[in-house]
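Peer 1: Prediction below, plus the sequence it came from.
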Amino acid sequence: MAKEIFAIFGNPVSHSKSPLMHNLAFTGFDYEACYTRYLLEDGHTLKDTFFNLGLKGVNVTVPHKEAAFHACDVLDPFAQKIGVVNTIVEREGKLYGYNTDAPGFLKAISEFTDVKTVLFLGAGGTAQSTSSILRDEGYDVTLLNRSAGRLEKYKADGFKTYTFETFVPKKYDLVINMTSAGLEDEHLPCPKEILENVVPKAKACVDVIYGKETAFLKLCQSYGKPTKDGSDMLLYQGIIAFEHFTNNAYTFDEIKCYMQGAFDFN
Ligand code: NDP
């Protein structure tokens, strides 16, 4: 079999762990493939770039997940529903699109049992796919965001939405930071007074930011809450993408064995 080439498309893309994760798994399985990174500046060129580079599949990260959706010929039903694609596989000249962020996230929070109500802090692109899958799975999702504008589409979609000014605190089983607050700073995702109201009543708290103890997670820990960062979400979306890349040749747990080695590196 000719060696298949995979890549991650994004801008920026130099920080991505995906090449390490996928190459560890390809090597582990002796699978004839390699995975690289590609700085894609213009999302409109995604499809041409994919074919010009002779790729078999890609992961797509910020800011091209919507462009990836438009580049695909065939869409998985969930990707079709949310309009966001982060994994593409070429089969017989056609591009097949999937979203693996959302199922990866769902699996990452599955360790928190007896959870019904979820408060999302943030309403950006990541919240879009994850709120949809959580609702499909029966969770009751409320979104709290700094700006009102981003909440419009969620409101239209039937979600309960609040800005910092309109928020009415109640009990939420799980409180999740879906913002980029804390990624490169020590900011909290919303005013501290709001967190002081919802965190003590929560069963657990999650941050989608990974590899860092954010100000949000530190505050949640100060209340003795179980917490987790976004590392498992990152790992699980990668495993599910690998399943698509290899047409389900391996099980989730077999892939996990190799891929989780990427988290031993800093
Ligand atoms: P977007 O740019 O689409 O959305 C950003 C969101 O964060 C908006 O709701 C924005 O609110 C809010 N926000 C940004 N800064 C602040 C702040 N200082 N205070 C309050 N709210 C703020 O980002 P994404 O949805 O793509 O990414 C969100 C996070 O998810 C990032 O930290 C990213 O690293 C992480 N992520 C993790 C993954 C994983 O595998 N673990 C996968 C993908 C993303 P407003 O509307 O007011 O601007």
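Peer 2: That came through, no problem.
Peer 1: Now do Asn266, the pLDDT please.
Peer 2: The model reports Asn266 with a pLDDT of 61.
Peer 1: And Lys160, its phi and psi?
Peer 2: In terms of degrees, to the nearest 10, the main-chain angles of Lys160 are phi -80, psi 130.
Peer 1: so who does Pro103 touch?
Peer 2: Phe78, Ile133, Tyr236, Gln237, Ile240 (C-beta atoms under 8 Å, 6 or more residues apart in numbering). Heads up, the C-betas are built off the backbone N, CA and C, glycines and all.
Peer 1: which pair in those residues spans the largest distance?
Peer 2: With C-beta to C-beta as the measure, no two of the contacts of Pro103 lie farther apart than Phe78 and Tyr236, at 15.0 Å.
Peer 1: The two: which has the busier surroundings?
Peer 2: Between Phe78 and Tyr236, counted using other C-beta atoms under 10 Å, Tyr236 has the larger neighbour count: 23 against 17.
Peer 1: SS state for that one?
Peer 2: helix (DSSP: H, G, I helix; E, B strand; the rest coil).
Peer 1: tell me, how many neighbours does the closest residue to it other than its chain neighbours end up with?
Peer 2: Closest residue in space to Tyr236, ignoring its immediate chain neighbours: Gly104 at 3.6 Å, by C-beta to C-beta, 6 or more residues apart in numbering. Neighbours of Gly104 under the rule other C-beta under 10 Å: 24.
Peer 1: And the one 10 residues further on, by the same measure?
Peer 2: One way to gauge burial is a neighbour count; for Asp114, by other C-beta under 10 Å, it gives 6.
Peer 1: cool, and Asp48?
Peer 2: 11.
Peer 1: circling back to that earlier point, could you look up the SS state of the residue nearest to Tyr236?
Peer 2: Secondary structure state of Gly104, per three-state DSSP, is helix.
Peer 1: That one is in contact with Glu243, isn't it?
Peer 2: No: using C-beta atoms under 8 Å, Gly104 makes no contact with Glu243, being 11.1 Å away.
Peer 1: so how far is the helix or strand hosting Glu243 from its chain's centroid?
Peer 2: According to DSSP states H and E, Glu243 maps onto helix 231-245. Distance, stretch centre to chain centre, for helix 231-245: 9 Å (C-alpha atoms, centre = their mean, to the nearest Å).
Peer 1: three-state assignment of Phe6?
Peer 2: Assigned with three-state DSSP, Phe6 falls in the strand class.
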